[in-house]
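*Asks:* model the structure of this input:
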Amino acid sequence: TQITGTVAPAFGLPDWTLAVYMAADNSLSGQALLDLNEMEAASANPDVNVVVLYDGSGNGDSLIYTIVHDNDSAVVSSTVIADAGAVVDSASHEAAMNDPETLSKFLDWTWEKYPAQNFGVVLWDHGNDVLGGLCVDGGRWLGTAEACASMNGFANGSGKIIDLVGLDLCWGASLEMAAELVGSARVFVASELEEPDTGWEYSSVVGRLAGNPNAGPEEFGKSIVGAYADHYSWVGYGSMGAFSLPLIDVAAKSWDELANVLTAYAYYEYGAILSARNATSGIWSSKPDLIDVSSFCYELLGSGITEIARLKAVNLRDGLVDATLANFSGYAAGGAKGLYAYHPTAGGYDAGYADFDAAAEWRAYLAELENPSPRAWGAAGETPQALNTTGPYTFEAWLTEPDGANVTLCYTDEGTWTSCEMSHLGGGRF
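*Replies:* Numbers count the residues shown, from 1 in each chain. A predicted model of the protein is given here:
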């Protein structure tokens, strides 16, 4: 059956519209049909719309469904919506799921046709980490930064903040993506590790929302993590987290501050930084350049690095804890505390990493770590600062040419100026 458009409830908007971007033109085509049937198995509720852009492994098989409840687990019987070429090409009947323009069109069209009090977006497919991308079609991946740009563009163009962004794919929970979506979305749900091919259990995810349509985005995010934990409690590497993006914004500022300190100290504290990095394992054997951010902060604290770097690491670690609404880690996923970030062992970065605006300070740190050079205070527009706030106060500074130099600290206490000599600790640090 095909219908055109939809009609909003007469007495106000429904509670939720969930837009699922199902890129299944690959090895997951069979699983996509199973997941569509799982969505249909969930209880129906007129206050919850589930709209799916489906692209399977065949030619000309791209369709837009609105999910309709039934109990037949073998046949997808949901309503197919005619979009008049707004999203799916009307001649080829194919949607290029690796094209950010397709994602943009789908979000715009779905929001126009199915407005609701809350709008959720789920990206469904394989995942290839923050650099490799997601939603593969024809051998090409939709870039993570491209997907973020589409969602940011939707929010800016429509004036509607996306209430929840969910990634039903492997290696999706990056700090980079979460930070990129700040201001355009409220809650971010993703796995830091691999997902089983079966992915989310949609009869539970959709069913829980249908049973509690008044749930806000934070509650729905927690519900998704709970459903995943219930379904995959037996999977040792299981991982799923839900994060408040307004609080990720706070954590991202701490991330920048830590990056700035590590950049400034890369030359003088190279050994300590490298020790902390080497002690932080990659999140997966095939992903050695991706590290759990909280674990890296923990290793910095024990590395002997300068106190100001330790303070910044604590701020970032605590900020991520505050931003975490729910987190599930399987019995063999102890290093997965929520979000990872890109950090090659000896610094430097892939050219594609330049696409992430939110990682600009981290990128500068990675570049400095690859080839560190001596820096003096003021080189990056900084001035010495107290490392503690309760006293006695401790200050640090350094010189690029310290031999024979004396450094005097001048300070005022209620208008009375005092000075003292600073001791040379070696390596230009005073």
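*Asks:* right, and residue 301 touches residue 311 too?
*Replies:* No. With contact taken as C-beta atoms under 8 Å, residue 301 and residue 311 are classed as non-touching, separated by 9.7 Å. All C-beta atoms are positioned from the backbone trio N, CA, C, and that covers glycine.
*Asks:* within the helices and strands, which one has residue 346?
*Replies:* Using DSSP states H and E, residue 346 falls within no helix or strand.
*Asks:* I'd say it and residue 368 touch.
*Replies:* No. Contact between residue 346 and residue 368 fails when scored by C-beta under 8 Å: they sit 11.7 Å apart.
*Asks:* out of those two, which sits in the busier spot?
*Replies:* Between residue 346 and residue 368, counted using other C-beta atoms under 10 Å, residue 368 has the larger neighbour count: 21 against 13.
*Asks:* where exactly do the strands run in the stretch 201-350 of the chain?
*Replies:* Assigned by DSSP state E, counting those that start in this stretch, the strands in the stretch 201-350 of the chain fall at 239-244, 282-284, 287-292, 324-329, 340-342.
*Asks:* okay, those strands in TSV with mean neighbour count, distance to residue 91 and mean pLDDT next?
*Replies:* Shown next, in TSV, are the strands of the stretch 201-350 of the chain (neighbours: other C-beta atoms under 10 Å; distance: least, C-beta to C-beta, whole Å; pLDDT from 0 to 100):
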stretch	mean neighbour count	distance to residue 91	mean pLDDT
strand 239-244	28	39	97
strand 282-284	20	41	90
strand 287-292	21	40	95
strand 324-329	20	44	95
strand 340-342	25	40	97
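*Asks:* out of those, which gets nearest to residue 37?
*Replies:* Closest approach to residue 37 among those (C-beta to C-beta): strand 239-244, 21.8 Å.
*Asks:* show me what the closest one is packed up against.
*Replies:* In terms of contacts (3 or more C-beta pairs under 8 Å, 6 or more residues apart in numbering; DSSP states H and E), strand 239-244 is packed against strand 185-190, helix 217-231, strand 324-329.
*Asks:* between the longest one and strand 239-244, how many degrees?
*Replies:* Read that as helix 217-231. 170 degrees (axes from the mean of the first three to the mean of the last three C-alpha atoms, to 10 degrees).
*Asks:* for helix 217-231, give me every contacting residue.
*Replies:* 16, 118, 120, 163-164, 166, 186-189, 191, 200-201, 204-205, 208-209, 212, 215, 238, 240-244, 325-328 (C-beta atoms under 8 Å, 6 or more residues apart in numbering).
*Asks:* now do the last one
*Replies:* Residues external to strand 324-329 that are found in contact with it (C-beta under 8 Å, 6+ apart): 187, 218, 221-222, 225-226, 228-229, 232, 238-244, 336-338.
*Asks:* adjacent strands (with direction) for it?
*Replies:* Here strand 324-329 has these sheet partners by DSSP bridges: strand 239-244 (antiparallel).
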